[in-house]
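Participant: one predicted model, sequence on top.
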Amino acid sequence: MAGHVKSVGVPRSEVLRVSTKILEKFGTPKNYADSVAESLVQAQEAGHASHGIIRLIEYTNSIENKVIDPKAVPTIIRETGGTVVIDGHWGWGQIACKFAVEVAAKKATEFGVSAISISSCNHIGRLGEYIETLASMNLISMMWCNADPAVAAFGGKDRLFGTNPLAVGIPSNEKPVVIDFATASSEEGKLRVARANGSTIPVGTVIDKDGNESTNPEDFYNGGALLPFGGHKGYCVSLMIELLGGALSGNHPSMNAGYSHGYGTVLIAIDPEKFFGIKPFKDDISEATNAIRLTTPVNPDRPVLVPGDIENIERDSNKAAIKISESIWNSIKELSL
């Protein structure tokens, strides 16, 4: 995002304390507040401000508008072998997803493969968090969700798809491979951050209400739309997520009459131990990723990375204090009063 943004460094404990205080202030039970705040802080320190504490502004509005039930407990409503459907009861998406991770791990360990879907689910935060957890259990995972319409179809200008993120986690002998990206040209949360900071956005990210490309994030919120990444190929990936996320969760694809709101979430976990064993699997992954990192870079000052490396670099840089936009941190502190 273009434009200079003034940042402040805030101790992790303080960011966590303020975030938890806000969530409790708006009626979230202490154990849920701790868990959701931890997810937001993890996203912030991993360099994903779009899924960090700025979300507290949206979340508290959603509680006040009765979109989020802060006390709702996710439950299993259908279960057959390795498949499970979880009802999030329109509570915290993070709580529903952490429950799904537990269920997916147990089922994958038993059956080799598990597939979980979540219905009646609110915003789930950063998908990378959940697949990293499964990778730490020596499980491969794939996760995606559809969402409120924000993205135009390839060649169109109407909002039809969600930003529809896709994530894949692969364990290795080092840090896991963590692939996590929106199938839109940008996460909507990054537009939110750019707008809050008064920044412009790259060409090719959004179109205005008339279908013209724009660098002003405000045009998205004034009737415009995000574009899919990668032209027609990214559009196809987004379509897959829209159809499978919406239909398998019972949330419906967002352009269907039955869709109201929310995130139709699907999580698949695979146990490599059931194939050729976990050790040769992790050895293979580590050999491949180390070879990738050792490839000759075009720019000697910018080594070739594997997905997940950037987040680890960001975490290291945020150990002493988490970098937060000054304007966003001021808004969050005001919300806590």
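Facilitator: Looks like it came in fine. Numbering: from 1, shown residues only.
Participant: part of a helix, is residue 18?
Facilitator: Yes: the assignment for residue 18 by DSSP: H, G, I helix; E, B strand; the rest coil puts it in a helix.
Participant: who's in contact with the closest residue to it other than its chain neighbours?
Facilitator: In this structure, residue 18 finds its nearest non-sequential neighbour in residue 336, 5.0 Å apart by C-beta to C-beta, 6 or more residues apart in numbering. The way it works is simple: take the backbone N, C-alpha and C, and place the C-beta from them, glycine included. With contact set as C-beta atoms under 8 Å, 6 or more residues apart in numbering, residue 336 has these partners: 18, 21, 22, 25.
Participant: mind listing the helices for the protein?
Facilitator: Along the chain, the stretches classed as helices by DSSP state H are 12-25, 30-45, 55-64, 93-111, 127-136, 188-197, 218-221, 231-249, 278-293, 309-317, 326-336.
Participant: return the member of those helices having the minimum mean pLDDT.
Facilitator: The weakest mean pLDDT among the helices of the chain belongs to helix 188-197, with a mean of 89.
Participant: which residues sit against stretch 204-218?
Facilitator: Identification of contacts with stretch 204-218 by C-beta under 8 Å, 6+ apart yields 2, 152, 157, 185-186, 191-192, 194-195, 199-203, 219-220, 222-227.
Participant: surely residue 83 and residue 116 touch.
Facilitator: Yes: the criterion here is C-beta atoms under 8 Å, and residue 83 meets it with residue 116 at 7.5 Å.
Participant: what do the two both touch?
Facilitator: Shared contacts of residue 83 and residue 116 (C-beta under 8 Å, 6+ apart): residue 107.
Participant: those two: who's more crowded?
Facilitator: It is residue 116, of residue 83 and residue 116, that has more neighbours when counted by other C-beta atoms under 10 Å, with 28 against 16.
Participant: re earlier: so which of the helices of the chain is nearest residue 179?
Facilitator: Ranking these by their distance to residue 179 (criterion: C-beta to C-beta) puts helix 127-136 first, at 8.3 Å.
Participant: could you list the buried residues of the closest one?
Facilitator: Buried residues in helix 127-136, counting neighbours by 16 or more other C-beta atoms under 10 Å, are found at 127, 128, 129, 130, 131, 132, 133, 134, 135.
Participant: what's the closest non-adjacent residue to residue 46?
Facilitator: Closest residue to residue 46 apart from its sequence neighbours, by C-beta to C-beta, 6+ apart: residue 311 at 4.2 Å.
Participant: neighbours around the one you found, how many?
Facilitator: Residue 311: 21 neighbours (other C-beta under 10 Å).
Participant: got a list of what it touches?
Facilitator: Per C-beta under 8 Å, 6+ apart, neighbours of residue 311: 46, 47, 48, 128, 178.
Participant: residue 258 contacts residue 252, correct?
Facilitator: Yes: using C-beta under 8 Å, residue 258 makes contact with residue 252 at a distance of 4.1 Å.
Participant: distance of the residue positioned nearest the centre of the chain from residue 187?
Facilitator: The residue lying closest to the centre of the chain (C-alpha atoms, centre = their mean) is residue 126, at 2.6 Å. Distance, residue 126 to residue 187, by C-beta to C-beta, to the nearest Å: 10 Å.
Participant: now do the shared contacts for these two.
Facilitator: residue 51.
Participant: quick check, residue 48 in contact with residue 126.
Facilitator: Yes: if you go by C-beta under 8 Å, residue 48 and residue 126 touch, sitting 5.5 Å apart.
Participant: how deep is residue 227 tucked in, by neighbour count?
Facilitator: Counted by other C-beta under 10 Å, the residues lying close to residue 227 total 23.
Participant: once you drop chain neighbours, what's closest to it?
Facilitator: Using C-beta to C-beta, 6+ apart and skipping the chain neighbours, the partner closest in space to residue 227 is residue 185 (4.6 Å).
Participant: that neighbour: what's it in contact with?
Facilitator: Residues counted as contacts of residue 185 (C-beta under 8 Å, 6+ apart) are 204, 205, 206, 226, 227, 228, 229, 234.
Participant: rerun at 6 Å
Facilitator: Neighbouring residues of residue 185 by C-beta atoms under 6 Å, 6 or more residues apart in numbering: 204, 205, 226, 227, 229.
Participant: do the same with residue 78
Facilitator: Contacts of residue 78 by C-beta under 6 Å, 6+ apart are residue 85.
Participant: any idea which of the contacts of residue 336 has the most stuff around it?
Facilitator: Busiest of those [other C-beta under 10 Å] is residue 22, holding 24 neighbours.
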